[in-house]
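**Q** attaching a predicted model along with its sequence, questions to come.
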Amino acid sequence: MMKRVRQFFLMLLPLLALAALAALSACSPRKNTAASRNYQAFITRYNIYYNGDEHYKETLREMEKTYEDDYSQRLFMHPVEAKAKPKSPQPSGNFDRSIEKAQKAIQLRSIKKRPKKKSGRQTAEQKAWLKRSEYNPFLHNAWMMMARSQYYNGDFAGAAATFHYIAKNFTWLPKTVDEARLWQARCYCALDWLFEAEDILRKFKPEELTDKTLLGLYRFARADYLIRSRENAEAIKELTEAIRLAKGSSQKTRLTFLLGQLYALEGRKKEAYDAFKRAGSSSASSYRTKFNARIKQSEVYEGADINPEVKALRRMTRYDRNKDYLDQTYYAIGNLYLSRGDTLNAIENYKLAAEKSTRSGIDKALSQLTLGRLYFERGNYADAQPCYSEAVPQLPEDYPDYKLIKKRSDVLDELAVYSQNVTLQDSLLRLAAMTPEEQMKVIDKIIDDLKKKEKEEAEAAKREEYLAQAEAMGSNLKDNGARPSTFTMNNDDSWYFYNTSARNAGKTEFQRRWGSRKLEDNWRRRNKASFDTADFDADAENDSIDADNPDAPDQAAEEETDSAKTAREHAADPHFPEYYLAQIPSTDEEKQTANDVIQEGLYNMGVILKNNLGDFPAAASEFEKLLERYPDNIYRLDAYYNLYLMWMQAGNTAEAEKWRRKILSDFPDSKYGLAMADPNYLKNLREMDARQEELYARAYDDYLENRNDRVHQAYNDMMRDYPLSKLMPKFMFLHALAYVTENKPEEFNQTLREMLERYPQTDATPMASAYLAGMAKGRKINSGLTNTRGMIWDTRLIAAGQNADSTATEGPVEFTRDPEAPHTLLFLFNNRAIQANAFIYDIARHNFTTYAVRDFDIEPMNFDQLGIIAVKGFRNEAEVNAYRQRLAADKNFIMPPGVRPVVISDSNFELMLKRGASFDEYFKFIGEKELSDLHEAVLPPDEYPSAAEMYQAPAPESSENSDSSETPKAPEAPITPETPEAPEAPNTPETPEIEPDGSEGDDPLLE
């Protein structure tokens, strides 16, 4: 019996296997039946998708929980947005596995085959069913998982494309379509494509979104869009709703902290205080978050009595776990005192913040920056300089007003160099006047102080090393009974770069001496465009004086006695008296050199204080100190003239007249004396601003038309009538260039040399230097050519028929910065070289094919040779940047060579048209006058010298131009913070630069 049963089952097994295979075959993705659809959905959901989704959720949870937000800046809505800002702290987490799982599900489980049509008439629903592109009822979830994973991987453009595909191909799933569109808006926000994000979001009505997931997505995306658009008041409302609907405690805490920041920006301090309190008290808050929330609360504290808040912050400094946050704590205390006008206590706490800081970075920089600003506002530049010098390298380049801060730091660095030189040489001269016994007494005290300081620093370094090692080993310092009471210097012979104490000391000493300097060639030189005319002499010696006898140093070293070697070592070591004695000037020649250094320092300090810092009383003090100590100094004429200019600009005509008479009596034959002796001097001075532009435009036209005799005559007339004009270097440069086509290389060479000697720090210096260097190498100028043609940036925007005199201005045009104001995009070009109509057509075609919602006005303008195409209709600067990014990405749009895009607010452009200003003035205002732009008034970009010659040294910044022959102008106001620039969209096109590998043969003037 059992045998028959066994035989029966053996016969049945193949049949069952065949039945199973048949069933599986019926469920293949290549078939579209109810069974196959349900089977594929089941396998997709509980096999491939499940694993990818679990990885996705775990990775996302870890990203949100472990990301270390930069609390010194406005927080991101989500950590993943930091991936669009490479310089920000980057989040952890890789979603590649989830993407792979989604792709696998789509490849293996997609059902594309349409089902069989039923007989009879088709209903609308049946027709729609047959038109679907996907029949696996679960596969849309795999598509969504893939798109979300792309987003959290930082591939925002790729994710946006995938979400767009989902919205287009799953139209029978309205909730999925809405979800995909909202995620698409989030992608656009992360990319700063605000046009596109707004276009999607405006199609949603929040009251119609009944699903909490969709409503939460909408509130999040809408808040993100408004924050990036700087509409903080509206963003607060949306963000409050987004917090209520947010999933995940870490993300809720982050958004609550961001809400506090927005309240603070809007001046709603009470709400900000409460928001920071909620963020800090959340169970999901890390200690770092709690600490920063508490610090932010102090910043928005509104109570009349700050003592309780100060005491609470001081208590925080006692806890060991806060030792790495002491800089932030004392910075917050300083802010509290400063908010109540108690500057002295504020300064003391900012000092403590810098001293107690254990970390380099933004937190340390903030206290130094604020301290430096307070010193600067008091005119205490000596103390302000090290604060700025140490703070700037620690600031990110996108920090608000970074360029302004860097500029101020550079000016203070330059001032400090001259100030330290004067102080040092004064001290050395005082020592030189002492007896040898008195000198040794002073030197011994200096050496004792040095040794004491080094011992304290060594002990502090040893203490820090001990604590760091103890913390690394996880030891409890309170249980360490046998702790050394004193610390000795680490006398090991470890290499410098492995010795932290030595390395930090070297860094500090470098910044103390040199300030913040970039790692670049000639880093020691403040003015990298400075020159020596000997560099342009073909006969200049290139070999060292020791080249003929290479063995001389070795022979000298061998012959050096032990006593001489010891003396030499002591002279180089600040721990021995010989080091200081060697620096004391002993001969009359050495004392004269020390006095020369003092004279140079006093004069340059006065120039920097006058021109770059606008501190007239301090500048006058340095100039008068120079004249009092050294009545016959070589800077006397320039000092007189600078004092004259200052008091004229300050409106003190009596004091100005005093210095004018000094010039006329002591230097009647100087260029200043000759100009001031003219009875019409003041009249000429008032007219010069208006006249010089007109005369230069005329001279330039003559140059373009090859009327070289008129160019030379214009230069001679300017030297006679307006020798102090700020355009004299340009006149002189044209004067030199006119000799090229006249085949007069000697006159060309001599004029350029004279220009460099007379105006060593002008815009034309690098180009003139490049030409002279080329001629020194034996290259010859090309003769018989017509004069080169180029853009005139200093063309005034005066319409035809408009009276030039009516637009002339007595002072500079007062431009303003407002990134939130309406803006215009201008395309500037030489209308004799570019066909404006074809260019307008290309712009219009781009606008039509790219923007279905927005409409931009295009207006062409012409001012002599300067052509302008204005694209109008942008609501703020960020929109212009987004437009430029889209324009650069348009493969069908090609920017003609020689066209320069310029972003300008509507109000500034209207002011330029009203006042007849030039773009030269506007470029100086916005600080974008790069080297290639500076010289386009003379040569077009494609006719520059080679890059190797042209960029041997960058042009000096206009703010550091201390040429005393400048035209009288209104003093530069002390630097004040300006509105931060809106962030640029990715890949915003910049003004084209000269190709770095240009050949010498590209130069039209030199063969």
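**A** That came through fine.

**Q** what is the helix or strand hosting residue 227 packed up against?
**A** Element membership for residue 227 (DSSP states H and E) is helix 212-228. Judged by 3 or more CB pairs under 8 Å, 6 or more residues apart in numbering; DSSP states H and E, helix 212-228 is in contact with helix 174-190, helix 194-201, helix 232-245. Where you see a C-beta, it was placed from the backbone N, CA and C, and this is true even at glycine.

**Q** which of the ones you listed comes out lowest on mean pLDDT?
**A** Among the helices and strands packed on helix 212-228, helix 194-201 carries the lowest mean pLDDT, at a mean of 91.

**Q** from residue 375, how far off is the nearest residue to residue 338 once chain neighbours are set aside?
**A** In space, and not counting its chain neighbours, residue 338 is closest to residue 346: 4.0 Å by CB to CB, 6 or more residues apart in numbering. Residue 346 sits 12 Å away from residue 375, going by CB to CB, to the nearest Å.

**Q** what does residue 209 give?
**A** Residue 209 sits 54 Å away from residue 375, going by CB to CB.

**Q** higher neighbour count, the two?
**A** residue 375 (21 against 18; other CB atoms under 10 Å).

**Q** and the helix or strand harbouring that one, what's buried?
**A** If you go by DSSP H and E, residue 375 is part of helix 362-377. Using 16 or more other CB atoms under 10 Å as the test for burial, helix 362-377 gives 362-376.

**Q** swap in stretch 320-339?
**A** 325-338.

**Q** with stretch 101-117 instead?
**A** Buried-residue list, stretch 101-117, by 16+ other CB under 10 Å: 101, 102, 104, 105, 106, 109, 110, 111, 115.

**Q** adding secondary structure, write these out as CSV.
**A** Shown next, in CSV, are the buried residues of stretch 101-117 (DSSP: H, G, I helix; E, B strand; the rest coil):
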residue, secondary structure
101, helix
102, helix
104, helix
105, helix
106, helix
109, helix
110, coil
111, coil
115, coil
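
**Q** most widely separated two among those?
**A** Using CB to CB, those span at most 27.4 Å, a distance reached by 101 and 115.

**Q** and this structure, what are its domains?
**A** Following the assignment in automatic domain parsing, the chain carries domains at 34-112+129-154, 303-395, 402-469+563-634, 678-784+951-1007.

**Q** need the ones you listed in TSV (columns: mean pLDDT).
**A** As requested, these are exported to TSV (pLDDT from 0 to 100):
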stretch	mean pLDDT
domain 34-112+129-154	89
domain 303-395	88
domain 402-469+563-634	87
domain 678-784+951-1007	65
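
**Q** could you dump those to JSON lines with distance to residue 861?
**A** Shown next, in JSON lines, are the domains of the chain (distance: least, CB to CB, whole Å):
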{"stretch": "domain 34-112+129-154", "distance to residue 861": "36"}
{"stretch": "domain 303-395", "distance to residue 861": "40"}
{"stretch": "domain 402-469+563-634", "distance to residue 861": "30"}
{"stretch": "domain 678-784+951-1007", "distance to residue 861": "17"}
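
**Q** quick one: the strands in the chain?
**A** Counting by DSSP state E, the chain has strands at residues 823-830, 857-863, 866-874, 900-905.

**Q** what's the closest of those strands to residue 249?
**A** Once those are compared by CB to CB, strand 866-874 is nearest, at 40.4 Å.

**Q** report the rounded mean pLDDT for that closest one.
**A** 91.

**Q** give me the sheet partners of it and which way each runs.
**A** Note on strand 866-874: by DSSP bridges, its sheet partners are strand 823-830 (antiparallel), strand 857-863 (antiparallel).

**Q** which residues touch that strand?
**A** 791-792, 795, 797, 822-831, 834, 836, 839-840, 843, 847, 854-862, 880, 883, 906, 909, 919 (CB atoms under 8 Å, 6 or more residues apart in numbering).
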